[in-house]
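Undergrad: Show me how the following folds:
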Amino acid sequence: MSVVIHFYFVSYLWIHPFISIFYPLYIVFLLEVKYLYIYLVLFSHVLVPPKIIPFSFGDEDFNVGQSAAIQCNVASGDSPLEIQWKFQNLLLNHYSNPGITVTKMGKRMSILAIESVTWKHVGNYSCVASNSAGISEYSAPLLVNGTEIM
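TA: Got it, this is the predicted structure:
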């Protein structure tokens, strides 16, 4: 009795004359035992890390009292995604950063808004998107006109 094993990578799988499946990648083992053919199909999925679309606060510096907002949009990446914001490399939360609001808009977008800009808001704001495949981070500076009066 002889056994021959064939190994294939395919992206289209024909199962039946009326049923076929598209999938990113199939791993197919064909076991050939005399005249009996046994197909073992393993479904393989390549995990995609998040990718953030570049953003900015705009071309002009802000004046004290103006409102400011930026949008973090994750263009690609497998779900579930987690989106967080950092200020000067520290995670933002509404307790330690009053006046800054973070709003999640769906599964792939988050908006950071500052109602009334002051000099304490000057610095780099980073959006961090993560999933089981990896982490992506993008930063933008917020600049304010003038000098702070003590």
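Undergrad: Check P98 and give its pLDDT.
TA: Model confidence at P98, given as pLDDT, is 79.
Undergrad: W119 against L142, yeah?
TA: No - look at W119 against L142 with C-beta atoms under 8 Å: they stay out of range, at 10.4 Å. Quick note: C-beta positions are derived from backbone N, CA and C, even for glycine.
Undergrad: between those two, which one's more packed in?
TA: More crowded of W119 and L142, by other C-beta atoms under 10 Å: L142, with 20 against 13.
Undergrad: what's around I111, how many residues?
TA: 15.
Undergrad: Ok, I53 next?
TA: Other residues close to I53 by other C-beta under 10 Å number 14.
Undergrad: Please name the spatially closest residue to G134 (chain neighbours excluded).
TA: Leaving aside its chain neighbours, G134 sits nearest to P49 (3.1 Å; criterion: C-beta to C-beta, 6 or more residues apart in numbering).
Undergrad: contacting residues around the one you found?
TA: Counting by C-beta atoms under 8 Å, 6 or more residues apart in numbering, P49 makes contact with 77-78, 131, 133-136.
Undergrad: sec struct for it, please.
TA: At P49 the chain is in coil, as set by DSSP: H, G, I helix; E, B strand; the rest coil.
Undergrad: Over to I111?
TA: I111 - assigned by three-state DSSP - is strand.
Undergrad: How about the one 5 residues further on?
TA: Of the three states, S116 takes coil according to three-state DSSP.
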